[in-house]
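K.L.:
model this:
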Amino acid sequence: MTEFADLWTAHRHVVRDVAYRVLGSVAEAEDVTQETYLRLLARESDPGAAPLDDPRAWLVTVASRLAIDRLRAHEHSRRAYVGPWLPEPIVTDERTLPEDRVTLDDSVRMALLVVLEQLTPAERTAFLLHDVFDLDFDRIAEVLGVSSAAARQSASRARRRIAAQGEARFAVDPTTARRLAERFAAAASDGDLDGLVAVLATDATGWFDSGGAYPGAPTEPVRGAEPVARQFLAGVGGLGLDFRVAEVNGEPGVVLRRRDRVVSVLALGFAGDRITAIHGVGNPAKLGHVR
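P.N.:
This is a model prediction of the structure:
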């Protein structure tokens, strides 16, 4: 069992990383991780099972199948969702334990995850498994239940759709992004409309995922620096909220708290010296994991 424990310790993170990127849900990624663990345990307990020649690829394949099954099962409910459906945010700071961290890289940025939500389950999974997790198309075909050629075509379609959304792959200087997030948080705390408009790009867009929990919350994107700023202040004004800059999906964002309870998390998108996108998640069901 020591060998089994070492194998799982070495690869547990990649299982959770795959599941979160496919599903956009921290809670469901943990469920998939647990299911994958149980399948590995059952295999290792089978005296007739051959040794794994590539444990990482086996685990990624199993986790991907479990995740895509869940994703397909959720397609109808996500289409019926009230307002925009956004991925659950990942908030990290110096207090976050290593075992609780999802690996943060370009593929976990909120802007890219939102674009992935627009792909079919097959396109999304093929792109992630090949371009992010380095699986070959034969294995990806097994996950999707299609031919290798079809899996390759799914990944190619995904790349084209992602490339069409240039901002999804755009990275900004971390110091500049942090400074913009701090200016945004300060202006929000002061109720400073002009201060908010000053840090937003003229064509900035804001989305808010409340899941219907907040009557009056916008269910469509809000566009333009001043409309975004006004809508934001109208939503948070008079609530006694605390605005703190934190790392959200690997980039500077803002966490909104009221009496130490997280009520919303803002993932920010940047270009140059302005904030171009705000993806706000306020659905309580998506914030239970945020400390």
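K.L.:
show residues contacting the helix or strand where residue 277 lies.
P.N.:
Taking DSSP states H and E as the definition, one finds residue 277 inside strand 274-281. With contact meaning C-beta atoms under 8 Å, 6 or more residues apart in numbering, strand 274-281 is reached by 86, 88-89, 110-111, 114, 167, 180-181, 184, 199-201, 203-209, 228, 232, 264-270, 287. Using the backbone N, CA and C atoms, a C-beta is placed for each residue, glycine as well.
K.L.:
what is the mean pLDDT for it?
P.N.:
The average pLDDT within strand 274-281 is 96.
K.L.:
note down every partner strand of it and its orientation.
P.N.:
Using DSSP bridges, the strands paired with strand 274-281 in its sheet are strand 200-209 (parallel), strand 261-271 (antiparallel).
K.L.:
state the next helix or strand along the chain beyond the helix or strand bottoming out on mean pLDDT in the chain.
P.N.:
Ranking every helix and strand in the chain by mean pLDDT, DSSP states H and E puts helix 75-79 at the bottom, with a mean of 79. Per DSSP H and E, the first helix or strand lying C-terminal to helix 75-79 is strand 91-92.
K.L.:
put the alpha carbons of the helix or strand that that following strand is followed by into PDB.
P.N.:
Downstream of strand 91-92, the first helix or strand assigned by DSSP H and E is helix 110-117. What follows is helix 110-117, C-alpha atoms only, in PDB (Å, rounded to 0.1, in the frame of the first residue of the first chain):
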ATOM      1  CA  MET A 110     -11.200  33.000 -15.800                       C
ATOM      2  CA  ALA A 111     -11.300  34.600 -19.200                       C
ATOM      3  CA  LEU A 112     -10.200  31.300 -20.800                       C
ATOM      4  CA  LEU A 113     -12.500  29.200 -18.700                       C
ATOM      5  CA  VAL A 114     -15.400  31.300 -19.800                       C
ATOM      6  CA  VAL A 115     -14.600  30.700 -23.400                       C
ATOM      7  CA  LEU A 116     -14.300  27.000 -22.700                       C
ATOM      8  CA  GLU A 117     -17.800  27.100 -21.400                       C
END
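K.L.:
helix, strand or coil: sort out residue 176 for me.
P.N.:
Assigned by DSSP: H, G, I helix; E, B strand; the rest coil, the conformation of residue 176 is helix.
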